[in-house]
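Q: Next input, structure requested:
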Amino acid sequence: MENMLLVGLSRQMTLERQMDVVANNVANVNTTGYKADKSLFQEYLASGAHEDDFRGSDRRVSYVTDRATWHDFSQGTAEATKNPLDVAIDGKAFLAVQTPRGERYTRDGSLQINAQGQLVTSAGYPVLGNAGPIVFQPTDKEVTINADGGVSVLEGLSRIDSIRGKLRLVSFAQAQKLVKEGANLYAPGEGNPAQPDATSKVRQGFIEKSNVNSVAEMSKMIEVTRAYTQISAMLQQQGDLRKSALDKLADVPA
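A: Numbering: from 1, shown residues only. Down below sits the predicted model:
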């Protein structure tokens, strides 16, 4: 009976953490460039019986543990915005971003220009080019971002075509080591350096939508809730059964 309670409790603990993951995905269904997280579960075996008269198969008690979460880096849908500063990345690359915590990486291509003329993310972090932050002049017009990430403008009244930099596109040999830090940013993780990406392409005037499947995630949320409720009912029944057994054992005839 104790084993059943412990197995049920272990399942409830993993369901609670799975609900946190699913809820976070649902909350970011409209976040530009967001990548969904998935839960990874594993069976954990432990010895449950110790008396010699138990059969070998009865010695194993199977628990469940959430081993880890992993990032789903599948491509999100590209949505046209007609904003020349918006970019969507076709491929596995990330934009390099400068933050107070150091260099970070994002798929959020909803960009803008701040008061200092820097190209920044929606959170205000400077987007890095191959030679540092990309900076525009007050007289720059008609920003063009090429498929390879090159940023050019028509400068001043003479409308001279000038280069302002090239978006630094990077990828990672071990993308699952990337750590989410909020604001749609990733830290590289230990032993996982950024590498130049020459195969991914940039699409100007588009943004990459979240790859979260809202219908699937809502269905999973209902499934997790029902499973948690069913286990709670089972544990309550086992508790009642134990209480009834103790009452009967305590009812000693006079």
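
Q: Report the helix or strand with the lowest average pLDDT across this structure.
A: Counting by mean pLDDT, DSSP states H and E, the chain has its least confident helix or strand at strand 37-47, which shows a mean of 68.

Q: So for stretch 142-158, what gets flagged as buried?
A: Of the residues in stretch 142-158, 143, 145, 149-155 count as buried by neighbour count, 16 or more other C-beta atoms under 10 Å. For the C-beta atoms, the positions are set from N, CA and C on the backbone; glycine is no exception.

Q: Then stretch 168-181?
A: Result for stretch 168-181 [16+ other C-beta under 10 Å]: buried residues 168-172, 175, 178.

Q: what distance separates the start and the end of that stretch?
A: In stretch 168-181, first residue to last residue: 20 Å (C-alpha to C-alpha, to the nearest Å).

Q: got the contact list for it?
A: Outside stretch 168-181, the residues that touch it by C-beta atoms under 8 Å, 6 or more residues apart in numbering are 37, 70-71, 73, 89, 91-96, 101, 104-105, 128-130, 149, 186-198, 200, 202.

Q: just to revisit the earlier point, in strands, which of the buried residues of stretch 142-158 appear?
A: 143, 145, 150-155 (DSSP state E).

Q: now these as a markdown table including distance to residue 78 and pLDDT?
A: Output for those, formatted as a markdown table (distance: C-beta to C-beta, whole Å; pLDDT from 0 to 100):
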| residue | distance to residue 78 | pLDDT |
| --- | --- | --- |
| 143 | 19 | 94 |
| 145 | 14 | 96 |
| 150 | 20 | 95 |
| 151 | 19 | 96 |
| 152 | 22 | 94 |
| 153 | 24 | 93 |
| 154 | 26 | 90 |
| 155 | 29 | 82 |
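
Q: My guess is residue 186 contacts residue 104. True?
A: Yes. Between residue 186 and residue 104 there is a contact at 6.3 Å, judged by C-beta atoms under 8 Å.

Q: Compare neighbour counts for these two and give me the winner.
A: Neighbours per residue (other C-beta atoms under 10 Å) separate residue 186 from residue 104, with residue 104 holding more: 24 against 20.

Q: which of the residues in the helix or strand containing residue 10 are buried?
A: Assigned by DSSP states H and E, residue 10 belongs to helix 2-27. With burial defined by 16+ other C-beta under 10 Å, the residues of helix 2-27 counted as buried are 7-8, 10-12, 14-15, 18-19, 21-22, 24-25.

Q: Could you list the low-pLDDT ranges of this structure?
A: Applying pLDDT under 70 to the chain flags the ranges 1-4, 6, 41-67, 158-159, 250, 252-254.

Q: related to what we said a few turns ago, now that we have the buried residues of stretch 168-181, can you turn them into a markdown table and tack on distance to residue 220?
A: Below are the buried residues of stretch 168-181 laid out as a markdown table (distance: C-beta to C-beta, whole Å):
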| residue | distance to residue 220 |
| --- | --- |
| 168 | 36 |
| 169 | 33 |
| 170 | 32 |
| 171 | 29 |
| 172 | 27 |
| 175 | 23 |
| 178 | 23 |
